[in-house]
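**Student:** Here's my sequence, what's the structure:
(one chain, ligands or ions: 1)
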Amino acid sequence: MSGEILASSSGVATAVGQFQPQQERGQRAVFCGLTSIIWMHRKIQDAFFLVVGSRTCAHLIQSAAGVMIFAEPRFGTAILGDRDLAGMADCNEELDRVVAQVLDRRPELKTIFLVGSCPSEVIKLDLDNAAQRLSREYSGGVRFVSFSGSGIETTFTQGEDSCLSALTPSLPQRESDQPQLLVVGTLPDIVEDQFRRLFLQIGIDCVEFFPGRSSTDLPAVGINTQVLLAQPYLGETLRALQGRGAHFIPAPFPVGVEGTAAWFHAAASAFGITKERVEASLEAPKARAIKALSAYRDELAGRRFAMLPDSQLEIPLARFLSRECDMTPVEIGTPYFDATVMEAEIPLLPANVSWIEGQDLDPALSRIRETRPDLTVCGLGIANPLEAEGLRTKWSIELLFSPIQGFEQAADLAELFARPLRREAKLEVGAWS
Ligand code: SF4
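**Tutor:** Numbers count the residues shown, from 1 in each chain. Next up, the predicted model:
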C-alpha cells in the first residue's frame, strides 16, 4: 500500500492551535492493546487479566511476558476454539467455567478483567454483559470489568487507556470539598513513592494514584478532583474522568528533569502553591538528576534520532532527547496526536522538524533508510531488519517496561538511548558496521 499524506504543515511548533502534524494512513506494525496487561498486572496486585481470545493472543502475552515463567502470573487466556468461532458452543458457559477455575485456584483475587480480543469481537461476544452477569453471580465478592485489547486499528498502550476508562464508572463519588490530586497512569511503585513524597513536601497532601496497587482501593472522584496525567496515552480515561466532574491540569509529562519539574509546577499551580515553595522542595532531587544526566549528554549530543509511531510516548521523549540531551530529531512519528493531552508539550517541541501522526510503514522505512539517523526508536518487529542494515535502534516497548518517569530516573532514561550507540562503538570492527 502506498503512503498517503492527508494534511501537512510547516512542522514549526509554537502553540497547540498552530501545530498540526502531517497525517499518514497506511500499513501499521504495532503490538495490540493486550500488551498493556504486562505492566498493568504488575501494578494492580489483586487483579487477574483474563484474555478472551485465540492461541495467537495467548502466544503474544506469553512472549511479551517471557520473564514470568517461574512466577504464578495473574493473566491468562480463555482460548476460543473452532467450535466457539463457528458459533457451535455457548461461549458464556465456557467463560463461566474458566472464571470458576481461576477463582478456585486464586481465591484472593478481587477483580477480574475480561479482556476482549480480535476473535472475541469478530464473533461479537458481549463481554460487557458477561462482566455484569458474573459480578451479580459472585455477588460483589469479585468485581468483573471488561475492556478491549484488540489490535487491528489500535496501538499497544491503548490497552491501558481502555482498561482505566472502563474502570472509571466504578470509582466512588467524592463528596469532600477538599481539593484532591489524582495522578493517572500506571507508574512503577518506586516512582509512585518518590512522587508521593515530593507532593507532600510541596504541600499537596491529598494525592491518589489511579491505578493504585489494589483494585479494591479505588480513588473517589468528583468536582474537586484535579487530574494530572502521568502517561500521555490516556485521552479516553481523561475524558471519562472529566465526565465525572474532574478537572484536567495541562502539564508536560514527567519525563526528564525539565518535564518532571514542569509537571510538579503545574500541579502546584492548580493548588495555589507558590513557585518558590515548589523550587525549594525540588532543588535537591533536581540537582542530583541534572548531575547524573550530564554524564550521558556528552554521549548523546549531536546524534540524530527518528521515532516511528508506536508507543504514544514519542512527543515527550523527543522533547527530552532534543532539549535535555542535545540530540537532533530527524522525524517524529506518533500513532495519535491528542491536542488536549499534549497541550503543554507542544510549545516545548523543537521547531522545523518533521512530525507525523498515524503511520504508513513502507514510506516511513524508506525515509529512515534515506536519512540514516544515528538512532531509530521503533517497534520490536521493525528493529531487527533495521539493525541488519546497520542502523541502530531502541525498542519503544522497553520504555513502558522500565521506570522512566521522575528525577531519579532521568539518567536511566538517557542510558536507555545511549546503550545502542555505545554497543555500536564497541562492535565497530564487527560485521554490523
Ligand atoms: Fe489477539 Fe488481535 Fe492482539 Fe492478534 S492483534 S494478539 S488476534 S487481540
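**Student:** what residues are up against Pro316?
**Tutor:** 232, 252-253, 255-256, 259, 345 (C-beta atoms under 8 Å, 6 or more residues apart in numbering). For every residue, glycine as well, the C-beta is placed using N, CA and C.
**Student:** Can you name the residues of the stretch 151-300 of the chain that neighbour the ligand?
**Tutor:** Gly151 (C-beta under 6 Å from any ligand atom).
**Student:** ranges for the helices of the stretch 151-300 of the chain?
**Tutor:** 158-167, 189-202, 235-243, 256-270, 275-300 (DSSP state H, counting those that start in this stretch).
**Student:** With the stretch 1-150 of the chain instead?
**Tutor:** Using DSSP H, counting those that start in this stretch, helices in the stretch 1-150 of the chain cover 37-43, 55-64, 82-85, 91-105, 118-122, 127-137.
**Student:** Which strands or helices does the last one pack on?
**Tutor:** Other helices and strands packing on helix 127-137, by 3 or more C-beta pairs under 8 Å, 6 or more residues apart in numbering; DSSP states H and E, are helix 91-105, strand 111-116, strand 143-148.
**Student:** In a markdown table: those, plus mean pLDDT, distance to Asp193 and mean neighbour count.
**Tutor:** Shown next, in a markdown table, are the helices and strands packed on helix 127-137 (pLDDT from 0 to 100; distance: least, C-beta to C-beta, whole Å; neighbours: other C-beta atoms under 10 Å):
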| stretch | mean pLDDT | distance to Asp193 | mean neighbour count |
| --- | --- | --- | --- |
| helix 91-105 | 91 | 30 | 15 |
| strand 111-116 | 96 | 23 | 25 |
| strand 143-148 | 96 | 26 | 22 |
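**Student:** Tabulate those (a markdown table), appending distance to the ligand.
**Tutor:** Compiled in a markdown table, those are given as follows (distance: least, C-beta to the nearest ligand atom, whole Å):
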| stretch | distance to the ligand |
| --- | --- |
| helix 91-105 | 16 |
| strand 111-116 | 8 |
| strand 143-148 | 9 |
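**Student:** Can you lay out the ones you listed as CSV showing distance to Leu60?
**Tutor:** Formatted as CSV, those follow (distance: least, C-beta to C-beta, whole Å):
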stretch, distance to Leu60
helix 91-105, 18
strand 111-116, 12
strand 143-148, 15
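**Student:** In the stretch 251-400 of the chain, which residue sits closest to the ligand?
**Tutor:** Gly381 (12.4 Å; C-beta to the nearest ligand atom).
**Student:** Please name the residues that touch that residue.
**Tutor:** Contacts of Gly381 (C-beta under 8 Å, 6+ apart): Ala29.
**Student:** sorry, back to before: how about CSV for the helices of the stretch 151-300 of the chain, with mean neighbour count added?
**Tutor:** What follows is the helices of the stretch 151-300 of the chain, written out as CSV (neighbours: other C-beta atoms under 10 Å):
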stretch, mean neighbour count
helix 158-167, 24
helix 189-202, 17
helix 235-243, 19
helix 256-270, 22
helix 275-300, 16
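**Student:** Please indicate which of the contacts of Pro316 are buried?
**Tutor:** 232, 252-253, 255-256, 259, 345 (16 or more other C-beta atoms under 10 Å).
**Student:** For Gln132, state which of those residues is nearest.
**Tutor:** Distances from Gln132 to the buried ones among the contacts of Pro316, taken as C-beta to C-beta, are shortest for Pro232 (31.4 Å).
**Student:** Confirm for me that the closest one is in contact with Met342.
**Tutor:** Yes. In this structure, Pro232 is within contact of Met342 by C-beta atoms under 8 Å, at 6.9 Å.
**Student:** Overlap of the contact sets of these two?
**Tutor:** Ile315.
**Student:** does the residue of the stretch 251-400 of the chain closest to the ligand sit in a helix or strand, and which one?
**Tutor:** Assigned by DSSP states H and E, Gly381 belongs to helix 380-388.
**Student:** One more: Glu370?
**Tutor:** Assigned by DSSP H and E, Glu370 falls in helix 361-371.
**Student:** that older thread, export the helices of the stretch 151-300 of the chain to a markdown table and tack on mean pLDDT?
**Tutor:** Shown next, in a markdown table, are those (pLDDT from 0 to 100):
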| stretch | mean pLDDT |
| --- | --- |
| helix 158-167 | 97 |
| helix 189-202 | 97 |
| helix 235-243 | 98 |
| helix 256-270 | 98 |
| helix 275-300 | 96 |
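**Student:** got a markdown table for those helices, with distance to Phe417 too?
**Tutor:** Formatted as a markdown table, the helices of the stretch 151-300 of the chain follow (distance: least, C-beta to C-beta, whole Å):
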| stretch | distance to Phe417 |
| --- | --- |
| helix 158-167 | 23 |
| helix 189-202 | 19 |
| helix 235-243 | 26 |
| helix 256-270 | 11 |
| helix 275-300 | 6 |
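**Student:** Taking the centroid of this protein, which residue is nearest it?
**Tutor:** Thr157 (4.5 Å; C-alpha atoms, centre = their mean).
**Student:** these two touch, right, that residue and Pro309?
**Tutor:** No. Counting by C-beta under 8 Å, Thr157 sits too far from Pro309 to count as a contact (11.4 Å).
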